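1. just coords:
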């Protein structure tokens with residue numbers, strides 16, 4: 001990694017931490033520059049604005065996540081849904097602050113949220129429908145399937161939309177694995193997950 005790329009990554013890491021702890025509106029470009037020990041002009045050079053910086057964080061999060069979903073193959077394995085849930089939870093928990101930050105912002109009625117809804121989240125829904133119900137875009141999803149998908153996504157996102165309910169101050173690989181194992185086991189007992197598993 002070149003020095004410029006390292007500086008860019010450092011700015012993104014600092015911005016994520018400050019946006020997470022202080023909120024997007026409560027954090028200025030000057031705050032980020034000071035914490036990252038760089039000039040404000042460098043942030044403007046890389047990202048144009050605070051909004052551009054935030055969007056870069058979203059892209060760095062959602063693109064690998066969607067690539068992970070795209071790489072999943074349809075199988076007849078009974079454990080396929082459990083494996084998918086485990087991978088998704090591990091990804092979200094491994095990027096804990098960014099997961100919390102992005103899902104918090106997506107609950108707001110902002111331009112950013114609307115842009116994310118029509119791009120990344122629409123693609124996520126499409127991939128879920130393909131993987132969970134083995135349907136292409138020409139086949140209509142039933143009302144019950146839509147509700148099952150809504151519940152599944154709610155269960156997957158809940159720990160990151162309500163971080164105040166459960167917060168582990170020391171996130172290590174071991175604690176990530178423990179959280180994913182226990183939470184995915186609880187999800188497997190949920191009716192919507194069982195209904196989806198029965199369709200796969």
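-> Good, I have the coordinates. Note that the structure is predicted; figures quoted are calculated from it, not measured.
2. Tell me which residues of the longest helix anywhere in the chain come out buried.
-> Criterion DSSP state H: the longest helix present in the chain is helix 50-71. Neighbour-count burial for helix 50-71 flags 50, 53, 54, 55, 56, 57, 58, 61, 62, 65, 66, 69 (criterion: 16 or more other CB atoms under 10 Å). Glycine gets a C-beta too; all of them are placed from N, C-alpha and C.
3. Pull the most distant pair out of those.
-> 50 and 69 (29.1 Å; CB to CB).
4. any idea how far the residue positioned nearest the centre of the chain is from residue 73?
-> In the chain, the residue lying closest to the centroid (CA atoms, centre = their mean) is residue 99, at 4.7 Å. Using CB to CB, to the nearest Å, we find residue 99 at a distance of 25 Å from residue 73.
5. still on that earlier bit, any residues touching the longest helix of the chain, and which ones?
-> With contacts defined as CB atoms under 8 Å, 6 or more residues apart in numbering, helix 50-71 is touched by 11-12, 15-16, 19, 24, 27-29, 32, 43, 46-47, 87-88, 91, 95, 98-99, 101-102, 105, 112, 116, 120, 123-124, 127-128, 131.
6. Would you list the buried entries among those?
-> 11-12, 15-16, 19, 24, 27, 29, 32, 43, 46-47, 87-88, 91, 95, 98-99, 101-102, 105, 112, 116, 120, 124, 127-128, 131.
7. still on that earlier bit, who are the packing partners of the helix or strand where the residue nearest to the centre of the chain lies?
-> Assigned by DSSP states H and E, residue 99 belongs to helix 96-106. If you count contacts as 3 or more CB pairs under 8 Å, 6 or more residues apart in numbering; DSSP states H and E, helix 96-106 packs onto helix 3-22, helix 50-71, helix 111-118, helix 143-161.
8. Redo those as CSV? Include mean pLDDT and distance to residue 135.
-> Shown next, in CSV, are the helices and strands packed on helix 96-106 (pLDDT from 0 to 100; distance: least, CB to CB, whole Å):
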stretch, mean pLDDT, distance to residue 135
helix 3-22, 90, 35
helix 50-71, 94, 15
helix 111-118, 83, 21
helix 143-161, 92, 8
